[in-house]
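Enquirer: please work out how this folds:
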Amino acid sequence: MEGVSLKSLRDRPFELLQELERRGRAVSAQVGQESAGGREWVGVALRMAGELFLAAREETREVLSVPATLTRVPGAKPWIRGLANVRGQLLPVIDLRHFIGSGVAPATRNTRVIVANHREIPAGLLVDEVLGFRRFAESEFTGDVPPTVTQCERYLAGAFRRGEEQWPVLSLRSILESPAFAEAAA
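Expert: Residues are numbered from 1 along each chain as shown. From the prediction side, this is the model:
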């Protein structure tokens, strides 16, 4: 896929993620020993309400386009968009922005569903956009929780800082296991 433009892959999310990962690995190989002995942290970069976030790779099972058919759940909170049939399994699709109280996720060609990797709570989290993998040295991590416009600090697990850039880490586990998430009935 050498020389493939990312724009040409915009409607093929899986191939887009593969190309982004390939490019990330190429850059990592070049930078290589810059952080000799330093461990690497990998996350999925996403955009929500104009802000950039990371979700830990191990908390993310897969990224999907928004399913064509979502079946509404009677009596459910409005942030539950509905149930989707994903390869024969029912997956509740949650509007993450609506859940945290920051408006409703727009329905655009970039909108994606991040399927959380949780043993007991199946959920697909609707986000504005997924930007692919981001790699950071563990030394770039800070436990300080930065303020966010979306006011989701209670679900953040620190941040990574690189130069002027700050990437808050959204804990999918703390979202799924929160008391507010357990109260899905309206």
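Enquirer: okay, now the unreliable bits of this protein?
Expert: 1-3, 27-37, 185-186 (pLDDT under 70).
Enquirer: hey, where'd the strands end up in it?
Expert: 40-48, 51-56, 60-65, 80-86, 89-95, 112-116, 124-127, 129-137, 141-142, 156-162, 165-170 (DSSP state E).
Enquirer: name the helices or strands packed onto the third one?
Expert: Think strand 60-65. helix 13-31, strand 112-116 (3 or more Cβ pairs under 8 Å, 6 or more residues apart in numbering; DSSP states H and E). From N, CA and C alone the C-beta is placed, and that goes for glycine too.
Enquirer: try it again with 6 Å
Expert: strand 112-116 (3 or more Cβ pairs under 6 Å, 6 or more residues apart in numbering; DSSP states H and E).
Enquirer: looking at the strands of the chain, which is closest to Asp11?
Expert: Of all those, it is strand 60-65 that lies closest to Asp11, at 8.4 Å by Cβ to Cβ.
Enquirer: ok, what's across the strand from Asp95?
Expert: Following DSSP bridges, Asp95 is listed with bridge partners Leu126.
Enquirer: does it touch Ile80 like I think?
Expert: No. At 7.8 Å, Asp95 does not count as touching Ile80 under the criterion of Cβ atoms under 6 Å.
Enquirer: perfect, that will be all.
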